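K.L.:
here are the coordinates; sequence isn't available:
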């Protein structure tokens, strides 16, 4: 099969064996419970006895996205005064550079809400480059205990970090993400096929932005008019 687009994935921290277990394609990306759902219910009506196994919206969704899983345990301890401690795995993974918080003046201060204390940024050191823009989705169908803010990554010109923005609810003080739990979904702004490649040699990968503001470089054209 001839692939028109490529998704390249790499990391300074995680080797390609770990990465291959973190980015799942169909059918490995489908939630485990889907396999346990019967094809029909006990209703006699032909119209009402179908289950999720017959939902084309669900099936097509997972056939055309990648599920991203956590490569290591991640823990966040916080309260109304802020984030106090975070950990990612043990040893070299827990280097103190895997989490940041966004100042509320950037966003939450301007929203009439009382649900979230802060927005945290989890950085697993995933780096991605794709010849088409990618959309990050909250992994609702996997029923995890945290949320991920949706957005679009424009990594068409060079590698970009795949960071996760997680809101910290005021009614919690502790968030833990277990290894192999689902972090987010990735979909692609194309109808063509995507081929995944895992980068092993990072010598020539790093191209950065030399200005503090690079917004114009990443803004995409509007498609709805």
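P.N.:
Right, received. Where do you want to start? Note that the structure is predicted; figures quoted are calculated from it, not measured.

K.L.:
bridging residues for the residue nearest to the spatial centre of the chain?
P.N.:
In the chain, the C-alpha nearest the mean C-alpha coordinate belongs to residue 184, at 3.0 Å (Cα atoms, centre = their mean). Note on residue 184: beta-bridge partners by DSSP bridges are residue 68.

K.L.:
ok, it touching residue 137?
P.N.:
Yes. Judged on Cβ atoms under 8 Å, residue 184 makes contact with residue 137 at a distance of 6.2 Å. Every residue, glycine included, has its C-beta placed from N, CA and C.

K.L.:
for stretch 53-67, which positions count as buried?
P.N.:
Of all the residues in stretch 53-67, those buried under the rule 16 or more other Cβ atoms under 10 Å are 59, 61, 62, 65, 66, 67.

K.L.:
mind checking which of those residues land in strands?
P.N.:
65, 66, 67 (DSSP state E).

K.L.:
give me the nearest residue to the second one, chain neighbours excluded.
P.N.:
So that's residue 66. Nearest residue to residue 66 in three dimensions, chain neighbours excluded: residue 186, at 4.4 Å (Cβ to Cβ, 6 or more residues apart in numbering).

K.L.:
any idea how far that neighbour is from residue 159?
P.N.:
15 Å (Cβ to Cβ, to the nearest Å).

K.L.:
go on, residue 199?
P.N.:
Counting by Cβ to Cβ, the gap from residue 199 to residue 159 is 8 Å.

K.L.:
these two - which one has more neighbours?
P.N.:
residue 159 (20 against 17; other Cβ atoms under 10 Å).

K.L.:
that one against residue 129, yeah?
P.N.:
Yes. The criterion here is Cβ under 8 Å, and residue 159 meets it with residue 129 at 4.5 Å.

K.L.:
now for these two: what residues contact both?
P.N.:
Shared contacts of residue 159 and residue 129, defined by Cβ atoms under 8 Å, 6 or more residues apart in numbering, comprise residue 8.
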